[in-house]
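[1] Provided below for reference: sequence and predicted model.
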Amino acid sequence: MNISNLLSISRLVLAVPVAILLYYDEIDLAFIIGIVAGITDFLDGFLARKLNQITDLGKILDPIADKVFVGIIGLVLLVKETMPMWFFILLVGRDLLILIAGLIAKRKKNITMTSTFEGKVTYTIILIVCAGLIYKIPQAELYGLYFSTAAIIYTTIQYLILFIKQIKK
């Protein structure tokens, strides 16, 4: 266990108060804690590289923390009827597909699939759109959902291509 992995775990833990606060409409406090979680996301990768502490556990924890964090926020927004069902299904479906592909790669080839830059950008776009939905910014629903849908589709295809290449090796 190292500092980077602890930061990823803290992001998992922070998802719970953010979800509770969002559910009870304590939006500004949820947003502040969400920003802290975002900082941990940046720091865990930065410190892992800077301190030469990149581990297989970290390669798994970081994307799982991202997926859990955004999934829990999405679930609260779905329950509060702030996020459309189709978008939630797309979001969770993509994450489950990537998780299953990663498990298959680990089992068949002992390969730990890692996040891509484009995947991190997509995660950031999704969080920005979620913030826009929470704050009821019309452009988030008009444009943000479709822009992030395009990013989700793109990165899903990218991960699947990467997965196929890894499995064929």
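    That came through, no problem.

[2] got the contact list for the spatially most central residue of the chain?
    Nearest to the mean C-alpha position of the chain, by CA atoms, centre = their mean, lies residue 66 at 3.1 Å. For residue 66, the contacting residues are 11, 41, 115, 123, by CB atoms under 8 Å, 6 or more residues apart in numbering. To be clear about C-beta, it is placed using only N, CA and C from the backbone, and glycine gets the same treatment.

[3] in what helix or strand does it lie?
    Here residue 66, judged by DSSP states H and E, is contained in helix 56-79.

[4] which residues in the protein form strands?
    Here the chain has no strands by DSSP state E.

[5] just the pLDDT at the residue nearest to the centre of the chain, thanks.
    According to the prediction, residue 66 has pLDDT 89.

[6] with just CA atoms, put the helix holding residue 66 into PDB.
    Presented in PDB, the C-alpha positions along helix 56-79 are these (Å, rounded to 0.1, in the frame of the first residue of the first chain):
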ATOM      1  CA  ASP A  56      -0.800  -3.400 -10.400                       C
ATOM      2  CA  LEU A  57      -3.100  -2.600  -7.400                       C
ATOM      3  CA  GLY A  58      -3.000   1.000  -8.300                       C
ATOM      4  CA  LYS A  59      -3.700   0.300 -12.000                       C
ATOM      5  CA  ILE A  60      -6.900  -1.500 -10.800                       C
ATOM      6  CA  LEU A  61      -7.900   0.800  -7.900                       C
ATOM      7  CA  ASP A  62      -7.700   4.100  -9.800                       C
ATOM      8  CA  PRO A  63     -10.200   3.200 -12.600                       C
ATOM      9  CA  ILE A  64     -12.500   1.400 -10.200                       C
ATOM     10  CA  ALA A  65     -12.500   4.400  -7.900                       C
ATOM     11  CA  ASP A  66     -13.400   6.600 -10.900                       C
ATOM     12  CA  LYS A  67     -16.200   4.200 -12.000                       C
ATOM     13  CA  VAL A  68     -17.700   3.900  -8.500                       C
ATOM     14  CA  PHE A  69     -17.500   7.600  -8.000                       C
ATOM     15  CA  VAL A  70     -19.300   8.600 -11.200                       C
ATOM     16  CA  GLY A  71     -21.600   5.600 -11.000                       C
ATOM     17  CA  ILE A  72     -22.900   6.600  -7.500                       C
ATOM     18  CA  ILE A  73     -23.300  10.200  -8.600                       C
ATOM     19  CA  GLY A  74     -25.200   9.000 -11.700                       C
ATOM     20  CA  LEU A  75     -27.400   6.700  -9.600                       C
ATOM     21  CA  VAL A  76     -28.400   9.600  -7.300                       C
ATOM     22  CA  LEU A  77     -29.100  11.800 -10.300                       C
ATOM     23  CA  LEU A  78     -31.200   9.100 -11.900                       C
ATOM     24  CA  VAL A  79     -33.200   8.600  -8.700                       C
END
